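Colleague: pasting the sequence and the predicted model now:
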Amino acid sequence: MASSAVARDLGADEFRAEGLSLSRGPRGLFKDLSFQLRRGEALILRGANGSGKTSLLRVLAGFTTPDAGALFWNQQCLKPLAITSRRLLFYVAHANAIKDELSALENLQDALRIDGVASAALSPATILHALDRVGLLSQRHLLARKLSQGQKRRIGLARLMLVDKPFWLLDEPTNALDAEGVELFAGIVNRHLAGGGMACIASHLTMPLQGTSSELKLRASA
Amino acid sequence: MFVWGSFGAVALAIVVEITLLRLRTLRIRHQINDSRVDRQVNDR
Amino acid sequence: MNIYKYASPATFYPLAGRLIPWFAVLAAMLAAVGLYLGLYLAPPDFQQGEVYRIIFIHVPTAWMAMIIYLVMAAYGVMALSFNARLSSMMMEALAPTGAMFTVLALWTGALWGKPTWGAYWVWDARMTSTLILLFLYVGYIALTHAIEDKKRADKAGALLVIVGSVNVPIIYFSVKWWNTLHQGASVSVTSGSKMASMMALGMLVMALACWMYAIAVALARVRAIIIERELENGGAANWLNTLNTQDKRQLTR
Amino acid sequence: MKSAPDVALGPVQSGKGDPGEAEVAPEQGFMRAIARDTRLAFRSKGEVIQALVFFVVVVSLFPLAIGPETALLKRIAPGVVWVAALLSVLLTLPRLFASDYQDGTLEQLMLSPFPLPVMVAGKMGAHWLVSGLPLALIAPLLGLQFGLDSRELGVLVASLILGTPILSMLGAIGAALTLGVRGGSILVALLILPLYIPVLIFGAGAVETVAAGLDYGANLSLLGAGLLIGGLTTPFAVAAAVKISLD
């Protein structure tokens, strides 16, 4: 799979978060939280709504600066949103980064262009293959506005199949997906992990993940 | 008339600003006392 | 390093409390001297008679309006580069006083313009720029109140004031250019009556008085802001016990 | 927290599968951002056209309010056209980031290997193409209503072409700062209009000086200088503002 090639080349072997703490006003979301991820491992974030799952993912992605703590990539401290981290991290939130004015195909091409993929490599073949796998090949020219929430999520799945980055940060990726969609999602993540990628997923569902995956429960504090 | 109008305005503005500050501190004092009272009441 | 000791709001609170009386007394004394100089010692102007005395309050307030905005920009740089929460609180504390001085500068300028130039507002280059400066103050206050998340409001306000302060000289230059384009050389505020050394001294003393006053008020307001934010974060209760008796008595009658 | 400099972790292989792929240059990112936003703008043409119609309507209100005598209209024409252009650009500013902020694509832009200031500069360029440029192109038509002769119309268009990009750049700072804030569009106007004043003065001033037969070169060169300085500084300010808003 593509991402394993990237992981090997970037030498992305180990990601470590150390002493992360963040509070939103009076609510302390998490305190002194540390964890480690090696190639092929996934971390599932559990916790009720508002327990800070999304905030933690945004801290890992570099959007939110934590009150304390640091992120390390192969023992090197990672500046948030620095070029190195931007090449290693893929992040998608509840709003699954789909433009309503564009069609499914255009959305994927756009996403890859933003991802810095050389225009030569933007061949529709790989994109169409991904769309076919998620069952949207026939609607590929339909504007996303006309698609259902579940179909939009499937565009997100196709996007995942085209992602070249080793560390995935996914916030509730299976929302609005039917059983078959969740199956498809698990397959994509498993292939990513098998290829040496890493993932941190906030989700309520029990994921049928093969690779070594650990869970982290975030308490909804006062 | 204009001279007193100017200096008077400045004096008035200063008085208003200081009283607003005093009111703000009083409001804070009430908030603190209320929160301390709640704490003693339900004795968390 | 001692500086970081006072950079944390909790330790800065008592320090500010001790400083306020000093600045307040200094401001009062300087103001007394300045007023005495301006209203009694300075001779009436042969052209404008008594009205020119408004200078003694108009020029200092105009200076203060500008200086406070630049001080806020400096705090903004510190807030963004060192992520110093106290600097953004100082910005928030200075903004209302800066806006007040701008309004006073416009008000006293208008009252002085009426007898001297015959109209309350004559689109003089400096007055127009001061009016624009007021819009910048109002912009900062509006932005910081519109954003709920305090951390984001602080940083957004800091960036706005930095961008604003870079634009202030450009605005002053363009308004001056615009003014000479339409009216020819405008009567400058001070060149009308000859600048006796007495007048310069009077204005300087009044400016210092305004400065001391601004510091005293800003320190008092920043103390209020520190407590309000602690209350918001629910930490005020235990933090209060560390206060010395004088501060605690003031807060928990 | 020891913060090491950007550590290059070996050759970046962004092509799919073929390691020999040349690194995609930042200007490519700039072009991609412009292409992306222009395409998105043309997909929802309504907003673009509405801003243009707003410009035309506002300009034609003034003769109705002030009366048709041409001498007066000719004098106020530059100011009226420029203020209307200012307000029209102000209307389309929220478009710059708001929709990307809502559907999560703004975060994808921030995680793109292309530097954020470059992508933001592209967005500003696209915003100018759909707001400032059309205004400058139809301004002569409106100038005719106000009795401006061809030389004055030429300078009017030149000043708008040089000035409106600055409006997009400064406006982008306001749009980024007020992302996701209630009542954001009015707040942007409040924050940014004071910064627009020098552009307004030199823009409208250029047409007035040519009407008075004086040398308008100074005004246009000052606008040009503003354009260059703005082009080099505002992308960084906007990138910082976006990061602040998404913190």
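Modeller: Noted; the coordinates are in hand. Since the structure is predicted, the reported quantities are computational estimates derived from the model, not experimental observations. Numbering: from 1, shown residues only, chains lettered A, B, ... in the order given.
Colleague: what residue ranges in the stretch 151-253 of chain C score low on pLDDT?
Modeller: Scanning the stretch 151-253 of chain C for pLDDT under 70 picks out the ranges C:183-196, C:235-253.
Colleague: single out the residue in chain C that lies closest to chain A.
Modeller: Using C-beta to the nearest C-beta, the single residue of chain C nearest to chain A is residue C:234, 3.8 Å away. Heads up, the C-betas are built off the backbone N, CA and C, glycines and all.
Colleague: contacting residues around residue A:68?
Modeller: The neighbours of residue A:68, taking C-beta atoms under 8 Å, 6 or more residues apart in numbering or on different chains as the test, are A:19-21, A:32.
Colleague: related to what we said a few turns ago, the residue of chain C closest to chain A: neighbour count?
Modeller: Neighbours of residue C:234 under the rule other C-beta atoms under 10 Å in any protein chain shown: 15.
Colleague: so it, which of the three states?
Modeller: Secondary structure, DSSP: H, G, I helix; E, B strand; the rest coil: residue C:234 is coil.
Colleague: circling back: ok, so of the contacts of residue A:68, who is nearest residue C:151?
Modeller: Nearest to residue C:151 among the contacts of residue A:68 is residue A:21, at 14.3 Å by C-beta to C-beta.
Colleague: neighbours of that closest one, how many?
Modeller: 15.
Colleague: let's see the pLDDT reported for it.
Modeller: Looking at residue A:21, its pLDDT reads 90.
Colleague: so it: helix, strand or coil?
Modeller: With three-state DSSP as the basis, residue A:21 sits in strand.
Colleague: show me what contacts residue C:202?
Modeller: Going by C-beta under 8 Å, 6+ apart, residue C:202 touches C:34, C:37-38, C:41-42, C:56.
Colleague: before we move on, what about residue C:138?
Modeller: So residue C:138 contacts C:99, D:190 (C-beta under 8 Å, 6+ apart).
Colleague: got it, and residue C:211?
Modeller: C:27, C:64, C:67 are the contacts of residue C:211 under C-beta under 8 Å, 6+ apart.
Colleague: just to check, residue A:131 is in contact with residue A:107?
Modeller: No - using C-beta atoms under 8 Å, residue A:131 is not in contact with residue A:107; the gap is 10.1 Å.
Colleague: ranges for the helices of chain C?
Modeller: C:2-7, C:9-35, C:55-82, C:85-117, C:125-146, C:150-183, C:197-232, C:236-241, C:245-251 (DSSP state H).
Colleague: nearest to residue D:84, of those?
Modeller: Taking C-beta to C-beta, helix C:150-183 is the member of the helices of chain C nearest to residue D:84, at 18.9 Å.
Colleague: is chain B within reach of the closest one?
Modeller: No - in terms of C-beta under 8 Å from any C-beta of the partner chain, no part of helix C:150-183 sits within range of chain B; the closest distance is 15.9 Å.
Colleague: now for that helix, which elements pack on it?
Modeller: In this structure, helix C:150-183 packs against helix C:55-82, helix C:85-117, helix C:125-146, helix D:150-177, helix D:184-211, helix D:217-245, with contacts taken as 3 or more C-beta pairs under 8 Å, 6 or more residues apart in numbering or on different chains; DSSP states H and E.
Colleague: can the second one be said to contact chain A?
Modeller: Looking back up the chat, that one is helix C:85-117. No - Helix C:85-117 lies out of reach of chain A by C-beta under 8 Å from any C-beta, never closer than 10.9 Å.
Colleague: report whether that helix contacts chain B.
Modeller: Yes - using C-beta under 8 Å from any C-beta, we find that helix C:85-117 touches chain B at C:96-97, C:100, C:103-104, C:107-108, C:111-112, C:114-115.
Colleague: between the residues you listed, which is nearest chain D?
Modeller: Nearest to chain D out of the residues of helix C:85-117 next to chain B is residue C:103 (C-beta to the nearest C-beta; 15.6 Å).
Colleague: now the closest one, nearest residue through space, not along the chain?
Modeller: Closest residue to residue C:103 apart from its sequence neighbours, by C-beta to C-beta, 6 or more residues apart in numbering or on different chains: residue C:134 at 6.6 Å.
Colleague: from residue A:159, how far off is the one you found?
Modeller: 49 Å (C-beta to C-beta, to the nearest Å).
Colleague: if you count surrounding residues, which of those two has more?
Modeller: Set residue C:134 next to residue A:159 and count neighbours by other C-beta under 10 Å: residue A:159 wins out with 24 against 19.
Colleague: tell me who's in contact with the more buried one.
Modeller: When contacts are counted by C-beta under 8 Å, 6+ apart, residue A:159 is found next to A:92, A:97, A:107-108, A:111, A:130.
Colleague: can you rerun that using 10 Å?
Modeller: Neighbouring residues of residue A:159 by C-beta atoms under 10 Å, 6 or more residues apart in numbering or on different chains: A:90, A:92, A:96-98, A:104, A:107-108, A:111-112, A:115, A:127, A:130, A:134, D:108.
Colleague: again, but for residue C:54
Modeller: Residue C:54 touches B:2-7, C:38, C:48, C:108-109, C:111-113, C:115-116, counting by C-beta under 10 Å, 6+ apart.
Colleague: filter the residues you listed down to the buried ones and hand me the PyMOL line.
Modeller: In PyMOL syntax, the buried subset of the contacts of residue C:54 is picked out as below (16 or more other C-beta atoms under 10 Å in any protein chain shown):
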select buried, (chain B and resi 2+3+6+7) or (chain C and resi 38+48+108+109+111+112+113+115+116)
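Colleague: isn't there a helix covering residue A:40?
Modeller: No - under three-state DSSP, residue A:40 sits outside any helix and is assigned coil.
Colleague: from chain B, how far off is it?
Modeller: Using C-beta to the nearest C-beta, to the nearest Å, one gets 45 Å for the distance from residue A:40 to chain B.
Colleague: sounds good, over and out.
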